[in-house]
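Peer 1: Starting from these lines, generate the structure:
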Amino acid sequence: MSQFTQILLKQRPDGKPFGAHMFDVVKKDLPEISADQVLIKQTHMSLDPAMIGWMSPDTNSYIPRVELGEVMRSSGFGEVVASNNPNFAVGDKVMGMMGWTEYFVSNGKGINKVQAGVNAEMALAVFALPGLTATQGLFNVGKPKAGETLVVTGAAGSVGSLVGQLAKADGLRVIGVVGSDEKADWIVNDLGFDGAINYKTDDLEAKLAELTPDGVDVFFENTGGPIQQHIYNRMNIHGRIVVCGMIADYKVGEPSPGPNWINLIKKRVTVQGFAMPDHYGEVPALLAKLTPYVMRGKIKFRTHELAGLESAMEGLNLFFTGEHKGKLLVKL
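Peer 2: Below you'll find the model as predicted:
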């Protein structure tokens with residue numbers, strides 16, 4: 001019988017770089033499918049910052065953690081290679097939460113067909129978690145209005161780059177915070193952002209003041225870090241802060257202290273965190289909102305592709321080094 005590879009979580013993050021010591025690589029026999037099931041050969045796998053939280057020991061989170069000995073959780077793209085489910089045919093391209101595995105058996109729940117003409121890179125970089133997160137956070141939480149100023153951190157990342165482009169398409173002034181001059185050049189000259197701040201080299205307070213002369217109306221937070229306080233200080237009256245991620249604090253023993261709340265009162269600022277599992281029932285509506293921007297050519301993306309399932313184990317470190325350029329994917 002043919003075999004395939006899975007990767008199981010063996011150890012929780014310990015502050016050290018991610019790697020093979022945290023996982024078990026196992027071989028499994030290719031399963032037979034029963035009634036209403038499909039067998040999917042996964043071809044591309046998404047790596048996302050949220051996975052760091054899924055691996056943590058925290059049991060008080062927005063989604064159950066991955067337990068030790070379980071297949072590491074991730075979303076992916078693949079092809080149906082066997083089907084006993086009337087809703088799926090052999091050859092269908094699909095995406096969904098499949099995990100770190102070469103093959104995945106499903107009853108169809110949580111697996112969605114991918115429309116013709118959408119390849120794996122576009123599916124995972126735009127129409128999967130990044131696009132859904134950007135759409136939900138920007139439009140339903142941030143409530144942007146034409147003419148306003150938006151600042152997004154992690155602006156060259158999979159979510160931040162989409163947030164900025166969607167906001168620009170709706171007539172906002174968009175400033176992105178990134179970690180390299182190359183990324184700054186990309187978001188301004190390729191994606192059309194109005195300005196960029198390199199948090200590693202720029203004078204953060206001065207650069208932010210220069211690029212947001214009228215203050216900040218919407219702050220889309222993906223990263224945390226030192227610039228957070230400076231953006232908070234420039235929030236306008238009735239501004240909105242959308243808290244999507246905080247990767248600067250994901251591996252530290254104690255989170256960074258937050259800003260003083262007095263400005264929330266003075267400026268009547270709204271701060272709201274959100275997590276996509278609360279909104280999975282709204283996916284059709286979110287895709288309906290996002291798709292026209294894509295069809296009108298308003299959305300560009302790039303991917304950073306790793307080779308082979310096992311590359312995921314160390315690939316997670318790229319979220320902390322910032323060396324990846326675009327949506328991080330693993331090609332199986």
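Peer 1: wait, residue 19 sits on residue 314?
Peer 2: Yes. With contacts counted by C-beta atoms under 8 Å, residue 19 reaches residue 314, the gap being 5.2 Å. (Glycine included, C-beta is placed from N, CA and C.)
Peer 1: For the two, work out which one has more neighbours and name it.
Peer 2: residue 314 (14 against 11; other C-beta atoms under 10 Å).
Peer 1: quick one, what contacts that one?
Peer 2: 17, 18, 19, 20 (C-beta atoms under 8 Å, 6 or more residues apart in numbering).
Peer 1: quick check, it in a helix?
Peer 2: Yes. Note on residue 314: a helix contains this position according to DSSP: H, G, I helix; E, B strand; the rest coil.
Peer 1: if I look at it, how far off is residue 227?
Peer 2: 28 Å (C-beta to C-beta, to the nearest Å).
Peer 1: Also residue 148?
Peer 2: 19 Å.
Peer 1: ditto for residue 238
Peer 2: From residue 238 to residue 227 the distance is 22 Å (C-beta to C-beta).
Peer 1: Now for the residue lying closest to residue 225 once chain neighbours are set aside: which residues touch it?
Peer 2: Nearest residue to residue 225, sequence neighbours excluded (C-beta to C-beta, 6 or more residues apart in numbering): residue 248, at 4.1 Å. Residue 248 makes contact with 223, 224, 225, 256 under the criterion C-beta under 8 Å, 6+ apart.
Peer 1: Go again with 6 Å.
Peer 2: 223, 224, 225 (C-beta atoms under 6 Å, 6 or more residues apart in numbering).
Peer 1: So which other helices or strands are in contact with whichever helix in the chain runs longest?
Peer 2: Longest helix of the chain, by residue count under DSSP state H: helix 283-295. Helices and strands touching helix 283-295, by 3 or more C-beta pairs under 6 Å, 6 or more residues apart in numbering; DSSP states H and E, are helix 129-135.
Peer 1: Can you name the element that comes right after the helix it packs on?
Peer 2: strand 149-153 (DSSP states H and E).
Peer 1: Parallel or antiparallel, which strands does that next one pair with?
Peer 2: strand 173-178 (parallel), strand 216-221 (parallel) (DSSP bridges).
Peer 1: what residues does the first one touch?
Peer 2: With C-beta under 6 Å, 6+ apart as the contact definition, strand 173-178 has outside contacts at 149-153, 155-156, 164, 167-168, 184, 187, 193-197, 199, 211, 227.
Peer 1: try 8 Å this time
Peer 2: Counting by C-beta under 8 Å, 6+ apart, 147-156, 160-161, 164, 167-168, 184, 187-188, 192-199, 208, 211-212, 214, 223, 227 sit against strand 173-178.
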